[in-house]
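**Q** predicted model and sequence below, questions to follow.
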Amino acid sequence: MTNIDINGKTVSVDVPADTPLLWVLRDELGLTGTKFGCGMALCGACTVHLDGAPIRSCVTPISTAAGKKVTTIEGIGATPIGKRVEAAWRSLNVPQCGYCQSGQIMQAAGLLATTPKPADEDIDKAMAGNICRCGTYQRIRAAIKAAAGGV
């Protein structure tokens, strides 16, 4: 049994220690907002926060999350930064197909937690590992700036 804090609730899961966190979230806990993209930590669709830092859940074994706090897209709106990011995403109509957007939002919230007023270069660097097949990068950047209190 592995105990983890998911969005503020402690849960126990009985899975092998090397099971990727992504599959625990989706298959064991029914939290399907976190998406499977590439399975190799290259696209960012599976981004969640582990003790406040963005990580790729597709390559993170559940044993790494044991006893730690995991925040998913379902819980990020309960945080002040997450609430601002989600509001900016809605206000600027960022998603097109939407598949990558949970990972984009999680990465953006992680950026704003460490860099409250990011420059374009900060945004580009932080978001570089999150791929959007629809190409909404300009709207993503605008939403991050809006969530940071800019225009």
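**A** Arrived safely, thanks for sending.
**Q** now do the residue positioned nearest the centre of the chain against residue 1, distance only.
**A** Geometric centre of the chain, nearest residue: residue 106, 2.6 Å, by Cα atoms, centre = their mean. Applying Cβ to Cβ, to the nearest Å, the value for residue 106 to residue 1 is 26 Å. All C-beta spots, glycine's among them, are computed from the backbone N, C-alpha and C.
**Q** same question, residue 39
**A** Taken as Cβ to Cβ, the span from residue 39 to residue 1 is 26 Å.
**Q** and the helices in the chain, which stretches?
**A** Under the criterion DSSP state H, the chain contains helices at 21-23, 62-65, 73-76, 80-91, 101-114, 120-127, 137-147.
**Q** what about the first one, distance to the chain center?
**A** Between the mean C-alpha location of helix 21-23 and the chain-wide mean there is a distance of 13 Å, by Cα atoms, centre = their mean, to the nearest Å.
**Q** with stretch 24-35 instead?
**A** For stretch 24-35, the distance to the chain centre is 13 Å (Cα atoms, centre = their mean).
**Q** buried ones in that stretch?
**A** Within stretch 24-35, the residues that count as buried by 16 or more other Cβ atoms under 10 Å are 24, 25, 26, 29, 31, 33, 34, 35.
**Q** just stretch 72-79 next, same as before
**A** Those would be 72, 73, 74, 75, 76, 77, 79, for stretch 72-79 by 16+ other Cβ under 10 Å.
**Q** from residue 118, how far off is the second one?
**A** So that's residue 73. From residue 73 to residue 118 the distance is 20 Å (Cβ to Cβ).
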